[in-house]
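Asks: Output the structure for:
(chains A and B)
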There are 2 protein chains.
Amino acid sequence: MYPVTPHTKISRSAKRGSYDEETIYQILDEGLFCHIAYVLDGQPMMIPTGYCRIGNKIYIHGSVGSHFMRSIADGRRVCLTVSFVDGLVLARSAFSHSVNYRSVVLFSPATVVTDEQERWDALEAFTNHVIPGRWEEIRQPNTKEMKATMVISFTIEEASAKIRTGGPNDDEEDYELSVWAGVLPLKLQAQAPITDPKMVHDIPVPDCVIGYRK
Amino acid sequence: MYPVTPHTKISRSAKRGSYDEETIYQILDEGLFCHIAYVLDGQPMMIPTGYCRIGNKIYIHGSVGSHFMRSIADGRRVCLTVSFVDGLVLARSAFSHSVNYRSVVLFSPATVVTDEQERWDALEAFTNHVIPGRWEEIRQPNTKEMKATMVISFTIEEASAKIRTGGPNDDEEDYELSVWAGVLPLKLQAQAPITDPKMVHDIPVPDCVIGYRK
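Replies: Okay, here's the model as predicted:
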């Protein structure tokens, strides 16, 4: 369990909240991309980016020339969010409409990773987080590419999850209304893969692409 | 065209960037949810929430008791992002892997909307942004519900879009490698609707739900 802090204490619909590691890790592992907020000269800034989790750390990477990476490389504190929508909750009244979602909000200072093995492990985990098994079938980074890449880790210190599931909760007197109500589930789904027209060899679409789901 | 400011100037892959209203509006209108970053006691905070656009304004709403809504109600400046992933770009090298995406980042001070007509219009536009046509078939808000709801607008002052499309760009010498490369398109898709078991009348699933796509 993560500690409940003033930053992570859930005030609205508190029963949807959780501070449990397993619940939080599951959402982090299912999400593809996160949003990272930070403060620059007193101004809120935010960037969407890929990530992966190893143990209690989140890793991101980017170019050593990236303005964002350089801005937080000083150990700046960030707020990192992973969220996805599982469905639209369509109630009888506008007011009771809602969304089924899962989200994690966490707070952590940024740490530039300098250990070469940890950097390598993070890039491997990142690739296989986005598409499991891909790392093993591609050309892995060379020295020049590793030098051009900055890896940053966030040790999860404060985190909470928030989850809504189930159908609409209408006001008692609204159930009599002639309005269809229910849930429209939404899912991020892979479409048919598009083979690069610049392929030199005739290579079948690999299993990690054909069977993709996230 | 929005002005290019120090906050919105795109430094990495600048050719993917745009400050054009139409490009930015199209992404805002296609997205379902946004992330809003703000600064509270020097700390970066962020929340995912629904939104809609009317003209050059973004509207969000929430409970008058919401900690987030109350925090930014003082006119605080926010960074608001809408982003979605259109596909995984699977290259021959790990380094050249990428993502096809569309995103908008904008900056604006928060304004609490007090005009009753503008508040109503925002809630209507929000409902129909999430699911077009739904507003007309449900029970619209009553006085008590309107009183419990805070509507906040953000006039878009600084904004930029960033878009990546197309296949992988590998290093010249990597094209000879025996690696499948291409794009795996991803799409948020509606699944079969689940009718609320508490339905009193036998009402068919409405067109706005059956034909749903975002």
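Asks: wait, doesn't residue A:17 sit right on residue A:105?
Replies: No. Residue A:17 is not in contact with residue A:105 according to Cβ atoms under 8 Å; the separation is 10.1 Å. Heads up, the C-betas are built off the backbone N, CA and C, glycines and all.
Asks: which residues sit in contact with the residue of chain A found nearest chain B?
Replies: Nearest residue of chain A to chain B (Cβ to the nearest Cβ) works out as residue A:37 at 3.5 Å. Residue A:37 sits next to A:44-46, A:78-81, B:35, B:37, B:44-46, B:79 when contact means Cβ atoms under 8 Å, 6 or more residues apart in numbering or on different chains.
Asks: re earlier: residues that sit against both of residue A:17 and residue A:105, list them.
Replies: Common contacts of residue A:17 and residue A:105 (Cβ under 8 Å, 6+ apart): A:160, A:162.
Asks: who's more crowded, those two?
Replies: residue A:105 (24 against 18; other Cβ atoms under 10 Å in any protein chain shown).
Asks: surely the more buried one meets residue B:44?
Replies: No. Between residue A:105 and residue B:44 there is no contact under Cβ under 8 Å: 10.8 Å.
Asks: which residues do the two both contact?
Replies: Between them, residue A:105 and residue B:44 share the contacting residues residue A:79, judged by Cβ under 8 Å, 6+ apart.
Asks: and the residue of chain A positioned farthest from its centre, what does it touch?
Replies: The centre of chain A is farthest from one residue, residue A:176, which by Cα atoms, centre = their mean lies 40.1 Å away. Counting by Cβ under 8 Å, 6+ apart, residue A:176 touches residue B:200.
Asks: which one is residue A:191 nearest to, not counting chain neighbours?
Replies: Excluding the flanking residues, the one nearest residue A:191 by Cβ to Cβ, 6 or more residues apart in numbering or on different chains is residue B:185, at 4.0 Å.
Asks: What are the neighbouring residues in contact with that neighbour?
Replies: Taking Cβ under 8 Å, 6+ apart as the test, what residue B:185 contacts is A:190, A:191, A:192, A:193, A:194, B:86, B:87, B:100.
Asks: Check the secondary structure at it for me.
Replies: The three-state label given to residue B:185 by DSSP: H, G, I helix; E, B strand; the rest coil is strand.
Asks: and the gap between the residue farthest from the centre of chain A and residue B:198?
Replies: 11 Å (Cβ to Cβ, to the nearest Å).
Asks: can you check residue A:185 too?
Replies: From residue A:185 to residue B:198 the distance is 18 Å (Cβ to Cβ).
Asks: same thing with residue A:177?
Replies: 12 Å.
Asks: between those two, who's got more neighbours?
Replies: Under the neighbour definition other Cβ under 10 Å, residue A:177 and residue B:198 were set side by side, and residue A:177 has more, 19 against 13.
Asks: Check that one and give its pLDDT.
Replies: With respect to pLDDT, residue A:177 has a value of 97.
Asks: And for residue A:9?
Replies: 86.
Asks: Does it belong to a helix, a strand or coil?
Replies: coil.
Asks: Provide a list of residues in contact with it.
Replies: residue A:160 are the contacts of residue A:9 under Cβ under 8 Å, 6+ apart.
Asks: Residue A:148 now?
Replies: A:63, A:64, B:95 are the contacts of residue A:148 under Cβ under 8 Å, 6+ apart.
Asks: before we move on, back to that, need phi/psi at the residue farthest from the centre of chain A.
Replies: Backbone dihedrals for residue A:176, given as degrees, to the nearest 10, come out at phi -80, psi -10.
Asks: Beyond the longest helix along chain A, next helix or strand please.
Replies: The longest helix of chain A (DSSP state H) is helix A:116-130. Downstream of helix A:116-130, the first helix or strand assigned by DSSP states H and E is helix A:143-147.
Asks: Give the buried residues for that next one.
Replies: residue A:145 (16 or more other Cβ atoms under 10 Å in any protein chain shown).
Asks: does that helix come close to chain B?
Replies: Yes. Contact between helix A:143-147 and chain B, assessed by Cβ under 8 Å from any Cβ of the partner chain, occurs at residue A:145.
Asks: can you give me the strands for chain A?
Replies: Counting by DSSP state E, chain A has strands at residues A:17-18, A:33-40, A:43-50, A:52-54, A:57-63, A:77-90, A:98-112, A:149-155, A:158-164, A:182-190, A:194-195.
Asks: Mind picking out the helix or strand in chain A with the poorest mean pLDDT?
Replies: strand A:17-18 (a mean of 89; mean pLDDT, DSSP states H and E).
Asks: So which elements touch that strand?
Replies: Packing contacts for strand A:17-18, counted by 3 or more Cβ pairs under 8 Å, 6 or more residues apart in numbering or on different chains; DSSP states H and E, involve strand A:158-164.
Asks: Repeat the analysis, applying 10 Å as the threshold.
Replies: If contacts are counted by 3 or more Cβ pairs under 10 Å, 6 or more residues apart in numbering or on different chains; DSSP states H and E, strand A:17-18 sits against helix A:21-30, strand A:158-164.
Asks: Go through the ones you listed and name the closest to residue B:11.
Replies: Closest to residue B:11 of these is helix A:21-30 (Cβ to Cβ; 28.3 Å).
Asks: Please work out which residues outside the closest one touch it.
Replies: When contacts are defined by Cβ atoms under 10 Å, 6 or more residues apart in numbering or on different chains, helix A:21-30 is touched by residues A:1-2, A:17-18, A:20, A:34, A:51-53, A:55-56, A:58, A:80, A:82-84, A:101-106, A:129, A:156, A:159-163, A:188, A:214.
Asks: Which among the residues you listed count as buried?
Replies: For the contacts of helix A:21-30, a neighbour count by 16+ other Cβ under 10 Å gives the buried set as A:2, A:17-18, A:34, A:51-53, A:58, A:80, A:82-84, A:101-106, A:129, A:156, A:159-163, A:188, A:214.
Asks: returning to what we had before: any common contacting residues for residue A:177 and residue B:198?
Replies: With Cβ under 10 Å, 6+ apart as the test, residue A:177 and residue B:198 both reach A:92, A:170.
Asks: which residues touch residue A:137?
Replies: Residues near residue A:137 by Cβ under 10 Å, 6+ apart: A:203, A:206, A:207, A:208, A:209, B:90, B:92, B:177, B:178, B:179, B:180.
Asks: Buried ones among those?
Replies: Using 16+ other Cβ under 10 Å, the buried members of these are A:206, A:208, A:209, B:90, B:92, B:177, B:179, B:180.
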